[in-house]
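Trainee: attaching a predicted model along with its sequence, questions to come.
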Amino acid sequence: MPADPSAPPQDPAAASEPAEPAPAADAVEPAAPRPIVLKSLHGGRRGGTQALRLSRALMPRAAPEAAGAVLRVATYNIHKGVRGVGPRKRLEIHNLGQAVEAFDADLICLQEVRLFHHREARRFQGVGPGWPDAGQADFLAPEGYAVAYRTNAVTRHGEHGNALLSRWPIGEIGHHDVSDHRFEQRGLLHVPVQWAGQRVHAVVAHFGLVHASRVRQVQRLARYLETEVPAGEPLLVAGDFNDWGEKLDAPMRAIGLERALDPRPLLPAPVPTFPAIAPVFALDRVYLRGLRCVAAHVPRGAAWARWSDHLPLLVELGLT
C-alpha cells in the first residue's frame, strides 16, 4: 500500500542511517522446523490456546515430495505495525510477531516494515508493551532466523522498507530503487538463500499505485534480474504488487516469471488478500522461476483482519 503521505520525502542522507543487517549469513545455521511457540506481549515465549487458534487458520506444513523438499514462503504487508487513525490508532506489532512465528515459514517476505519512527515511538511510549526498541524486522524475526532489511521510503519522522526473515543461511543483501516518481518511493530487496543444497534468490517487492508505474517497475525488475540473478538459479519475487486490475501477470510472464497459484482442483485462484476485513483484491503474490507452487493459502478471521489492512499469503514451493 502507499507510503505515508503525511510529509514530503526528504533526502535519505538527512535521516538517521538505517542499521545494517547481520553480516552475510554463511555462518547462520538454519532453524529447524519446530512446534509453534509464540512471543508473549512482554517479551517471553508462550504457546497454548493462542498458538492453536492461529495454527488452525494456516495450512499444515506439507511433507517433502518425492522429488525433494518443500519451501514454505509467506508474504505479508504489515502496515508499519500500526492500525487505526487519530485517538483510535493502536499498536499491532506485538500481535504481528505472534502471526509471523505461527507461519512456520522458511522465508517470510515483509513490506511496510519500519526500522524507526520517532513520532510513533513517542505516541506508544508507556502504552501496553510499547514501541519495540529494535527495528520491526529484527523484532518480528523468530529465534534463529537471519534478517535482511533495506529502507525504501524516508519521511519526516521515520522510514519504512522491505524485509526478509529466513530460516536458512543468507548471502549478500542487494537493494534496488524502482521508484517511478518522487511521491512513491519503492524498492526491491534481493537476498540469496542457501536451501536444499543450492542457492535460491528471494526478491521482496512493493510496487506502485498506478498501473503504468507498475509496468515500468516490471521492466526495471527485469533489468535487475538480468544482471544480478544467474539464469539457471531458482527465483521467487514476492510482495505487494498493488495490481487491482489483475493486469501484471502478462508482463511478469514476459520476463520469465509465473504466478504461484494453488494447483489443487476446486480451489479459487487467485486468492484475495485486501482489504483484510473483507478481501476482494489479490494484491499480495509470489512469482516464480525454476520453482512451482504446490499449495497456497490465505488465513482468514477476526484477528487477521485486525492486525493489518492486508492478509498474509502462504505458498509452498518445490523445484521444477
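Mentor: Ah, there it is.
Trainee: so what's the residue count around Pro297?
Mentor: One correction, residue 297 is His, not Pro. For His297, the count of nearby residues is 18 (other C-beta atoms under 10 Å). Placement of C-beta: from N, CA and C, glycine included.
Trainee: for the residue nearest to Tyr224 when sequence neighbours are not counted, give me its contacts.
Mentor: For Tyr224, ignoring the flanking residues on the chain, the nearest one in space by C-beta to C-beta, 6 or more residues apart in numbering is His176 at 4.9 Å. Neighbour list for His176: Gly187, Leu188, His190, Arg220, Tyr224, Glu228 [criterion: C-beta atoms under 8 Å, 6 or more residues apart in numbering].
Trainee: which of the helices or strands spans Pro265?
Mentor: Pro265 is part of no helix or strand when elements are defined by DSSP states H and E.
Trainee: what count of nearby residues applies to it?
Mentor: Using other C-beta under 10 Å, Pro265 is surrounded by 5 other residues.
Trainee: now Asp284
Mentor: Quick note: Asp284 (other C-beta under 10 Å) scores 28 neighbours.
Trainee: likewise the one 3 residues further on?
Mentor: Counted with other C-beta under 10 Å, the burial measure for Tyr287 works out to 25 neighbours.
Trainee: give the buried residues for stretch 193-205.
Mentor: Using 16 or more other C-beta atoms under 10 Å as the test for burial, stretch 193-205 gives Val193, Gln194, Trp195, Ala196, Arg199, Val200, His201, Ala202, Val203, Val204, Ala205.
Trainee: same check, this time on stretch 157-172
Mentor: 157-171.
Trainee: state the mean pLDDT of that stretch.
Mentor: Taken as a whole, stretch 157-172 carries a mean pLDDT of 97.
Trainee: straight-line length of that stretch, end to end?
Mentor: 29 Å (C-alpha to C-alpha, to the nearest Å).
Trainee: next: stretch 265-284.
Mentor: This stretch, stretch 265-284, spans 21 Å end to end (C-alpha to C-alpha).
Trainee: who touches that stretch?
Mentor: 75-77, 239-244, 246, 259, 261-262, 285, 296-298, 300, 304-313.
Trainee: coming back round to it: turn the contacts of His176 into a markdown table, columns for secondary structure.
Mentor: Compiled in a markdown table, the contacts of His176 are given as follows (DSSP: H, G, I helix; E, B strand; the rest coil):
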| residue | secondary structure |
| --- | --- |
| Gly187 | strand |
| Leu188 | strand |
| His190 | strand |
| Arg220 | helix |
| Tyr224 | helix |
| Glu228 | helix |
